[in-house]
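S.K.: How does the following fold in three dimensions:
(chains A and B)
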2 protein chains.
Amino acid sequence: MPDAPFSPAAVFAAHPRATTDPAARAAAATDRSGYEPPHPPDVVVRCETADDVALALRLAHEHGIAVVPRGTGTGLAGGSSAQAGQVVVDVSGMDRILAIDPVEMTAVVEPGVLNATVNAAAAEHGLFYAPDPASTSICSIGGNIATNAGGMWCAKYGVTRESVLGLAVVLADGRLLRTGRATIKGVTGYDLNALIIGSEGTLGIVVEATLRLRPRPVRTETLAAYFDDVETAGRAASAITAARIQPSILELMDAGTLDAVDRATGTRHRELGGAFLLAQTDGFGAHLELDAVEAAVAPFATLVRRAADAAEAAALVAARRDAIPSLERLGRVSIGDIAVPRNRLAEAFAGLEDIAARTGVRIVSVAHAADGNLHPMIVVGWDESITEGPAKAALGEMFHLARRLGGTLTGEHGVGLLKREWVGEELGELSLSLQRAIRSAFDPAGILNPGKAI
Amino acid sequence: MPDAPFSPAAVFAAHPRATTDPAARAAAATDRSGYEPPHPPDVVVRCETADDVALALRLAHEHGIAVVPRGTGTGLAGGSSAQAGQVVVDVSGMDRILAIDPVEMTAVVEPGVLNATVNAAAAEHGLFYAPDPASTSICSIGGNIATNAGGMWCAKYGVTRESVLGLAVVLADGRLLRTGRATIKGVTGYDLNALIIGSEGTLGIVVEATLRLRPRPVRTETLAAYFDDVETAGRAASAITAARIQPSILELMDAGTLDAVDRATGTRHRELGGAFLLAQTDGFGAHLELDAVEAAVAPFATLVRRAADAAEAAALVAARRDAIPSLERLGRVSIGDIAVPRNRLAEAFAGLEDIAARTGVRIVSVAHAADGNLHPMIVVGWDESITEGPAKAALGEMFHLARRLGGTLTGEHGVGLLKREWVGEELGELSLSLQRAIRSAFDPAGILNPGKAI
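M.R.: Numbers count the residues shown, from 1 in each chain, chains lettered A, B, ... in the order given. Okay, here's the model as predicted:
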């Protein structure tokens, strides 16, 4: 097979960055979703420049070879999983920050740079990059763009689409497209920039991004509140929204997650309550705004703890950041990503309890409460009753719960490979047919990440 | 002609809302750009429901008749101008607010509702709708969506695309597409919602929009600063950005505009300086943030006046809101809409002075300074030297100035009919060809607003 005239391996022998090394292929076969393809991809192209990407796509296009774009492989929906007959175009080595303009507050970066690296560089100029997935220290900007990633700060500052001004994208045939602009505003033509963001590598491969940075808040204030149960915490989160407060972070964790964090990190959050709400405010009036947060949650809470200093604040934020890593110590974590209207958060939690009761699968949850975005998680192997089959069934029920509440299948992780079966039901045939027509206009041969997203 | 078998008038005799009344056709022939088509459209369909729009598009699609969508006709680029052989689909009568959800902070509206009407209704719930074009009291939400309209508040709160969660759109063949979602976040499929917004009526006709409302700030503080000249004011605006402050409004006016406002409204701004900068901060720490604004502009200003109360603040904001109406008393105002990187504002003003000197055309300007979005204006007929020909030439030079500074042809008004000749130069052939392919996917027969936008 590898030596047949038009096998991917034979075709990509012409690419100086291509490798067929079995270890490289195995390492590029999947992401952090837990999905394992039956066979690894044939070739991995470790790109160092935009020209490397363009050459890879020209070769693939000419020979009709399927290409899977890949950053640091931290996706949670199988979006960068690759299998036999496919070529992985790995841009994780394109990890330079090309420019930071502290006056204009922009950064020009390559796609493989880590989210946290961008933020560290921005911080030197008193700036930050708002989209901050929990995986900030390991996820790449290219992957953030592919999934329109969110995170904790998007409660106030919006998701990736609101922080990417322009892109350079290699199209399926190797041509270079520039989208967006260097200015904050602009309405010349259709918004191809927003179209590329969140398209999960199906319209092109991003080789450069101009990111919008924001001033670091002059002041940040933090509190944590504990509640008897997660529905009450959900009502408290809705009370903050109803009180017309705009927290910069509003994160919710349930009892099971607190248990896991305590067990993994030695903290004792679970003793203080059955649910935890982390709220942060920022800006010149952060202290005054946190007073309003405190007043809104107090009627629901069993305990409110306001951080006295930066160290206390960091400890409270760490509890949330530690949630998924702590659960991962207990088994393979299958992470849901539903979003519902903000005022239906408590109903969503009740619905998840109901699913757990009916399927017998233990579900624990964290939520970006200000956005109505829940991550219900199933830890496969936590106890012997939780196996892959029932876990899959429970994930399907979560989707239908979200739809019933007027919500969506995926808030920020993307559809990838693993959620495709529900996409048609959410989007409807007319929308899907238009989206497929757009995909064909960009990639007539259908070589870019086939079988993913739409 | 009107009685030939497939003339628009004959075909639309089947539509109960269609009229061929000459006064109605003349009234629907153009917008506020000043462009006058040689002959008015053949038919105006005064739609009252989404079904009226769908029927109009089915008839047009079947017979290959060009359709021009129209709201309240306040566009500034000829986007809703219509001519002989075309049918205007007027949705200004679809002006209901269908629902406001004060907890979820959303409004569901029809396209003909006025921007100011939405804001008045939102205010009853302590909320506001952020995109606020200067034309707020006369412009419709559908037109705001068509052009991705901005305004003063988008310095802090973003443009229309950041405030529209979902749309119902009648496609060229009469089918109804729903885009977006009811949740704040969601990444299922491509962002057709962002694609429709700013597409200037070329992809479909919006018949319903779900708008994102925001909490009205608990506190707002206002100041005005005066400067010797507009370049200095531009540098002061850049100093605010550089000081990492996020004003909610940052508006700049030059000497010519101040003259016109003083003459029209009896104010005496021009005596206080040769340029005027209006800054507003909002939120819990608005007073503290305005201190920072004051400190940033003071080294450049000849006078800083801080509003002591709401009435004084309103008077300062009124000066800016009165700018264009005041200029319109002096002649026909041709409004440019270039955007440049924020730190190149002073260079843009210098470049405009240079264009005025070279072309002999007097140019006056206002600017959304925090976004780098300038509205250089030519008042045709202000004196006898300013005629249409040189005015057109000066507008062309403005575009090239914007491009030279890394900017764009249009920040928030759209391309419409009048800026099409420059679109190719800004977007390039590859981007344009993809955009045309998308347009064809939505409207294969090319009946929607032909000759506009891209």
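S.K.: Break down the stretch 101-250 of chain A into its strands, ranges please.
M.R.: For the stretch 101-250 of chain A, applying DSSP state E, counting those that start in this stretch gives strands covering A:106-109, A:127-128, A:164-170, A:176-180, A:205-212, A:214-215, A:220-227, A:249-254.
S.K.: For these, give me TSV that also has distance to chain B and mean pLDDT.
M.R.: Glycine gets a C-beta too; all of them are placed from N, C-alpha and C. Written out in TSV, the entries for these read as follows (distance: least, C-beta to the nearest C-beta, whole Å; pLDDT from 0 to 100):
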stretch	distance to chain B	mean pLDDT
strand A:106-109	8	97
strand A:127-128	8	96
strand A:164-170	10	98
strand A:176-180	6	97
strand A:205-212	11	98
strand A:214-215	3	93
strand A:220-227	10	98
strand A:249-254	12	97
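S.K.: any idea which of these is most buried?
M.R.: For these, ranked by mean neighbour count under the definition mean count of other C-beta atoms under 10 Å in any protein chain shown, the leader is strand A:249-254 at a mean of 26.
S.K.: Could you look up the next helix or strand downstream of it?
M.R.: Counting by DSSP states H and E, the element after strand A:249-254 in chain order, helix or strand, is helix A:255-265.
S.K.: Select the longest helix from chain A.
M.R.: helix A:388-404 (DSSP state H).
S.K.: still on that earlier bit, redo the strands of the stretch 101-250 of chain A as TSV? Include distance to A:His400.
M.R.: Output for these, formatted as TSV (distance: least, C-beta to C-beta, whole Å):
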stretch	distance to A:His400
strand A:106-109	39
strand A:127-128	37
strand A:164-170	32
strand A:176-180	35
strand A:205-212	33
strand A:214-215	37
strand A:220-227	27
strand A:249-254	20
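S.K.: and the stretch 301-450 of chain A, which residues reach chain B?
M.R.: A:339-343, A:368, A:370-373, A:406-415, A:419, A:423, A:426-428, A:430-432, A:434-435, A:437-439, A:441-442 (C-beta under 8 Å from any C-beta of the partner chain).
S.K.: Among those, which lie within strands?
M.R.: Taking DSSP state E, the ones among these that sit in strands are A:His368, A:Asn373.
S.K.: Could I have the buried ones of the residues of the stretch 301-450 of chain A next to chain B as ChimeraX selection syntax?
M.R.: Selecting the buried subset of these in ChimeraX, with 16 or more other C-beta atoms under 10 Å in any protein chain shown as the burial test, is done by:
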select /A:339,340,341,342,343,368,370,371,372,373,407,408,409,410,411,412,413,414,415,419,423,426,427,431,432,434,435,438,439,441,442
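S.K.: Around chain B, pick out the residues from the stretch 1-150 of chain A.
M.R.: By the rule C-beta under 8 Å from any C-beta, the part of the stretch 1-150 of chain A lying against chain B is A:Asp101, A:Pro102, A:Val103, A:Glu104, A:Met105, A:Gly126, A:Leu127, A:Thr147, A:Asn148, A:Gly150.
S.K.: Am I right that A:Asp31 is in contact with A:Val88?
M.R.: No: taking C-beta atoms under 8 Å as the definition, A:Asp31 is not a contact partner of A:Val88, at 11.3 Å.
S.K.: joint contacts of the two?
M.R.: Contact criterion C-beta atoms under 8 Å, 6 or more residues apart in numbering or on different chains; residues bridging A:Asp31 and A:Val88 by contacting each: A:Ser80.
S.K.: Just want to know which of those two has more residues nearby.
M.R.: Relative neighbour count places A:Val88 above the other of A:Asp31 and A:Val88, with 27 against 24, counting by other C-beta atoms under 10 Å in any protein chain shown.
S.K.: secondary structure class for the more buried one?
M.R.: Here A:Val88 takes the strand state, with states given by DSSP: H, G, I helix; E, B strand; the rest coil.
S.K.: And A:Leu76, by the same measure?
M.R.: Following three-state DSSP, A:Leu76 is assigned to coil.
S.K.: Against A:Ala14, how distant is the nearest residue to it once chain neighbours are set aside?
M.R.: Taking C-beta to C-beta, 6 or more residues apart in numbering or on different chains, and ignoring the residues beside it in sequence, A:Leu76 has A:His413 as its nearest neighbour in space, at 4.6 Å. The span separating A:His413 from A:Ala14 equals 35 Å under the rule C-beta to C-beta, to the nearest Å.
S.K.: Can you name the residues that contact A:Ile197?
M.R.: A:Ile145, A:Asn148, A:Thr160, A:Arg161, A:Val164, A:Leu167, B:Asp191.
S.K.: Redo those residues as CSV? Include distance to A:Thr220.
M.R.: As requested, these are exported to CSV (distance: C-beta to C-beta, whole Å):
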residue, distance to A:Thr220
A:Ile145, 27
A:Asn148, 25
A:Thr160, 22
A:Arg161, 24
A:Val164, 24
A:Leu167, 30
B:Asp191, 31
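S.K.: Greatest separation within those residues: which pair is it?
M.R.: Between all members of the contacts of A:Ile197, the longest pairwise span (C-beta to C-beta) is found for A:Leu167 and B:Asp191 and amounts to 13.6 Å.
S.K.: So which of the residues of the stretch 301-450 of chain A next to chain B sit within helices?
M.R.: If you go by DSSP H, these have A:423, A:426-427, A:430-432, A:434-435, A:437-439, A:441-442 in helices.
S.K.: pLDDT value on the closest residue to A:Gly414 other than its chain neighbours, please?
M.R.: On the basis of C-beta to C-beta, 6+ apart, the spatially nearest residue to A:Gly414 that is not a chain neighbour turns out to be A:Thr147, at 3.9 Å. pLDDT, A:Thr147: 97.
S.K.: wait, isn't A:Thr147 in contact with A:Gly79?
M.R.: Yes: in this structure A:Thr147 lies within contact range of A:Gly79 using C-beta under 8 Å: 6.9 Å.
S.K.: between the two, what contacts are shared?
M.R.: Common contacts of A:Thr147 and A:Gly79, defined by C-beta under 8 Å, 6+ apart, comprise A:Glu200, A:Gly414.
S.K.: tally of neighbours for the closest residue to A:Val169 other than its chain neighbours?
M.R.: On the basis of C-beta to C-beta, 6+ apart, the spatially nearest residue to A:Val169 that is not a chain neighbour turns out to be A:Gly204, at 3.8 Å. Here the count is done by other C-beta under 10 Å, and A:Gly204 has 27 residues near it.
S.K.: which residues touch A:Gly204?
M.R.: Neighbour list for A:Gly204: A:Val169, A:Val170, A:Leu171, A:Ala172, A:Leu177, A:Ile196, A:Phe442, A:Asp443, A:Leu448 [criterion: C-beta under 8 Å, 6+ apart].
S.K.: Surely the first one is in contact with A:Gly180?
M.R.: Same thing as A:Val169. No: A:Val169 is beyond contact range of A:Gly180, at 10.1 Å (criterion: C-beta under 8 Å).
S.K.: ok so, going back, check which residues of the longest helix of chain A are buried.
M.R.: Across helix A:388-404, burial judged by 16+ other C-beta under 10 Å covers A:Ala391, A:Ala394, A:Leu395, A:Glu397, A:Met398, A:Phe399, A:Leu401, A:Ala402, A:Arg403.
S.K.: again with stretch A:17-26
M.R.: Judged by neighbour count (16+ other C-beta under 10 Å), stretch A:17-26 contains these buried residues: A:Arg17, A:Ala18, A:Thr19, A:Thr20, A:Ala24, A:Arg25.
S.K.: From the rest of the structure, what touches that stretch?
M.R.: Contact partners of stretch A:17-26, identified using C-beta under 8 Å, 6+ apart, comprise A:2, A:9, A:12, A:40-48, A:52, A:56, A:87-88.
S.K.: How is chain A divided into domains?
M.R.: Taking automatic domain parsing as the criterion, chain A consists of the domains A:8-90, A:97-215, A:217-317, A:331-443.
S.K.: With distance to B:Ala279 as new columns, can those be given to me in a markdown table?
M.R.: Written out in a markdown table, the entries for these read as follows (distance: least, C-beta to C-beta, whole Å):
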| stretch | distance to B:Ala279 |
| --- | --- |
| domain A:8-90 | 40 |
| domain A:97-215 | 15 |
| domain A:217-317 | 14 |
| domain A:331-443 | 28 |
